[in-house]
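A.B. asks: next comes the sequence, and after it the predicted model I'd like to discuss.
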Amino acid sequence: MGKTQEFIMKPKIDFCFKELMEEELVRRGFLSALLGISPEEVAETELIPTVLRKVHADDKQGILDVRVKLTDGSQVDIEIQVAPYKMWPERSLFYLCKMFCDQMRAGDSYGKVKKCIHIGILDFNLFKDSPEYYSRFHLWEDMRDELYSDRLEIHILELKKVRQNQYLESALLDWTRFLCSEEKEEMEAVAERDPYIDAAYQRLMALSEDERKKLEYDNRMKAIWDRNTLIQQGIDEGIERGADQKLISQVCKKMVKGKRPDTIAEELEEDREVIARIYNVAEKYAPDYDVDEIYRELYPE
């Protein structure tokens, strides 16, 4: 008999990623690979509260996935996003600037503000025209290519691109492979090459065998599936509404030309009853034929 596939959590799920980042060895290995420095240079990392303070009552509250403080005082926000997020650049800028300003207290000088780094790990392609899976951003002068300040930094990892393209081998590539892996064998392959990834893999195995953690993981997966279902439902409803409004618009244009329901149905190759229903409602909105109003009367919520 074949061996049953052993259950293992997906490290790209935010719940699981947060649990892995609880281990200082894992944090050190991941950050050293991403920042391009040796693990020894990441001498100490400290997990700090992930809720950013609100200065005013109407401020938008910031809640970060993982927030780390390095020995030199630099702060790092790490977020994982598995579903496509159109406004990701704006979201990352909000959290980065919020984290930067959060350091300041009354009476402080600007010299006390430490570097803030935002890391976005995305399971979708943000930069569709670029094959690179890793991007790093700073504030630069456009004409002279001169750095304005090194206090703000953004890193983006696009997981899907690693499965689509070939890249030069590196510690960061192995971490990216590990994070986007869904099978135990894939994880083992990269864990064998890097002791820090192996530490993450061992932690992942322990989490996957912990019944309480499995329940939390399952609840998080259910929430993700429910959200994705609602998003897809909204997309489907939007497509359907768009098609209905297009048909209404076509009928109205032909009504302006004085055409009757049977003729319109024949020319548009649509069901006569459907066209007659639209025609009867649209007549009340002549001569302007407000498509949105006609749609709302035809399809009341």
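C.D. replies: On my side now, so go ahead. Quick caveat, the model's predicted, so the values are computed rather than measured.
A.B. asks: surely Thr114 meets Arg151?
C.D. replies: Not quite, residue 114 is Lys, not Thr. Yes: counting by Cβ atoms under 8 Å, Lys114 touches Arg151, with 7.5 Å between them. C-betas here are computed from N, CA, C, even on glycine.
A.B. asks: flag every buried residue along stretch 131-146.
C.D. replies: Tyr133, Tyr134 (16 or more other Cβ atoms under 10 Å).
A.B. asks: where in this structure is pLDDT low?
C.D. replies: 1-5, 48-64, 106-107, 228, 230-232, 234-236, 301 (pLDDT under 70).
A.B. asks: what segments of it are helices?
C.D. replies: 14-20, 24-35, 88-102, 159-164, 171-180, 184-191, 195-209, 211-256, 261-268, 272-282, 291-298 (DSSP state H).
A.B. asks: now do Lys12: how many residues are near it, please.
C.D. replies: A count of neighbours around Lys12, defined by other Cβ atoms under 10 Å, yields 20.
A.B. asks: please read the previous query as pertaining to Ile224.
C.D. replies: 15.
A.B. asks: return the residues in contact with the nearest residue to it once chain neighbours are set aside.
C.D. replies: Once flanking residues are discounted, Ile224 sits nearest to Val82: 6.6 Å by Cβ to Cβ, 6 or more residues apart in numbering. By Cβ atoms under 8 Å, 6 or more residues apart in numbering, the contact set of Val82 is Lys12, Ile13, Asp14, Asp123, Phe124, Ile224.
A.B. asks: kindly report the same for Phe17.
C.D. replies: Residues near Phe17 by Cβ under 8 Å, 6+ apart: Pro11, Asp65, Val66, Ile78, Ile80, Ile121, Leu179.
A.B. asks: one more time with 10 Å
C.D. replies: 9-11, 26, 30, 65-66, 78-80, 121, 179, 200 (Cβ atoms under 10 Å, 6 or more residues apart in numbering).
A.B. asks: same thing with Arg260?
C.D. replies: Lys254, Ile275, Ala276, Tyr279.
A.B. asks: report how many residues lie close to the last one.
C.D. replies: Tyr279 has 19 neighbouring residues, counting by other Cβ under 10 Å.
A.B. asks: neighbour-wise, which one of the contacts of Arg260 leads?
C.D. replies: Ile275 (23 neighbours).
A.B. asks: before we move on, the earlier item: neighbour-wise, give me the winner out of the contacts of Phe17.
C.D. replies: Phe30 (30 neighbours).
A.B. asks: out of everything not next to it in sequence, what's closest to that residue?
C.D. replies: That would be Trp175: by Cβ to Cβ, 6+ apart, it lies 5.7 Å from Phe30.
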